[in-house]
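Engineer: predicted model and sequence below, questions to follow.
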Amino acid sequence: MGGDKLSDVSEMGVTGAYARRVGERLRTIRRQKGMSLHEVEHASDQEFKASVLGAYERGERAISVPRLQRLARFYNVPVDQLLPPAPEGGFGSRLGGADGTDVTAPRTVTAPDAKVTIDLTRLEGLSGPEADMLHRYASMIQMQRQDFNGRVLTIRGDDLRTIACLIGSDLGQMVRRLDELGLRLPA
């Protein structure tokens, strides 16, 4: 039973550290929007009180998921942009192999010249902030390349890393997400 208490204390420490990281991210987004705590309170018709938002930003209070969603809508950003990346060693983090490579990433996409082919027809059928961002980025690539076949698009390694960065993940997570969405076609 003593082990359970130790585990609870350890988890609270991790939770507290993560709450501080979430708070730092919330503060960064608010500042990027050029708003003070009081301006957020006023512009949100007092839905987000300056004192409470300040407590979230300092990591003194944990923000609930519904409230985080409302704050994301208020800031006009995807919810995931209000969250920091997973802590080192946590779920979704990069796990280094003996040679320092990302062992979570498929070997076929770790090289700088790696390419992934995505199904644009399938992408058109998806909705939501993530799909909208992918569609905009794919459209930008098509414009740059003057490639409008409309069915598939090959995304180069550098572009794939950029997309991963935009959604706050690493290369391996990005490729897995494309697979989950049914967007990646076999090489």
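Structural biologist: It's in. What you are looking at is a predicted structure, and each value in this text was computed from that prediction instead of being measured.

Engineer: any idea how the protein splits into domains?
Structural biologist: Domains of the chain are assigned by automatic domain parsing as 2-82, 107-185.

Engineer: can you lay out those domains as a markdown table showing mean neighbour count and mean pLDDT?
Structural biologist: The C-beta positions use only the backbone N, C-alpha and C, and glycine is treated the same way. Conversion of those to a markdown table gives the following (neighbours: other C-beta atoms under 10 Å; pLDDT from 0 to 100):
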| stretch | mean neighbour count | mean pLDDT |
| --- | --- | --- |
| domain 2-82 | 14 | 82 |
| domain 107-185 | 15 | 80 |
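
Engineer: this structure: strands as residue ranges?
Structural biologist: Applying DSSP state E to the chain gives strands spanning 115-119, 152-156, 184-185.

Engineer: what's next to the first one, contact-wise?
Structural biologist: Identification of contacts with strand 115-119 by C-beta atoms under 8 Å, 6 or more residues apart in numbering yields 109, 134, 138, 151-157, 160, 175, 178, 182-185, 187.

Engineer: ok, which stretches of the protein are helices?
Structural biologist: Assignment of helices within the chain using DSSP state H yields the ranges 2-32, 37-43, 50-58, 65-75, 120-124, 129-145, 157-166, 171-180.

Engineer: quick check: end-to-end length of stretch 178-186?
Structural biologist: 12 Å (C-alpha to C-alpha, to the nearest Å).

Engineer: scratch that, stretch 28-41
Structural biologist: Stretch 28-41 has its terminal residues 16 Å apart, counting by C-alpha to C-alpha.

Engineer: what about the residue positioned nearest the centre of the chain, distance to residue 81?
Structural biologist: Nearest to the geometric centre of the chain sits residue 168, at 3.2 Å (C-alpha atoms, centre = their mean). Distance, residue 168 to residue 81, by C-beta to C-beta, to the nearest Å: 7 Å.

Engineer: go on, residue 46?
Structural biologist: Relative to residue 81, residue 46 is positioned 24 Å away (C-beta to C-beta).

Engineer: what does stretch 41-57 rub up against?
Structural biologist: The contact list for stretch 41-57, computed with C-beta under 8 Å, 6+ apart, reads 22-24, 26-27, 30, 35-38, 40, 61-63, 70-71, 74.

Engineer: 10 Å - rerun?
Structural biologist: Where contact means C-beta atoms under 10 Å, 6 or more residues apart in numbering, the residues beyond stretch 41-57 that reach it are 19-20, 22-31, 33, 35-40, 60-63, 67-68, 70-71, 74-75, 82.

Engineer: same deal with stretch 133-146?
Structural biologist: The contact list for stretch 133-146 (C-beta under 10 Å, 6+ apart) reads 78, 118, 120, 123-124, 126-128, 147-150, 153-156, 159, 162-163, 166-167, 177-178, 181, 183.
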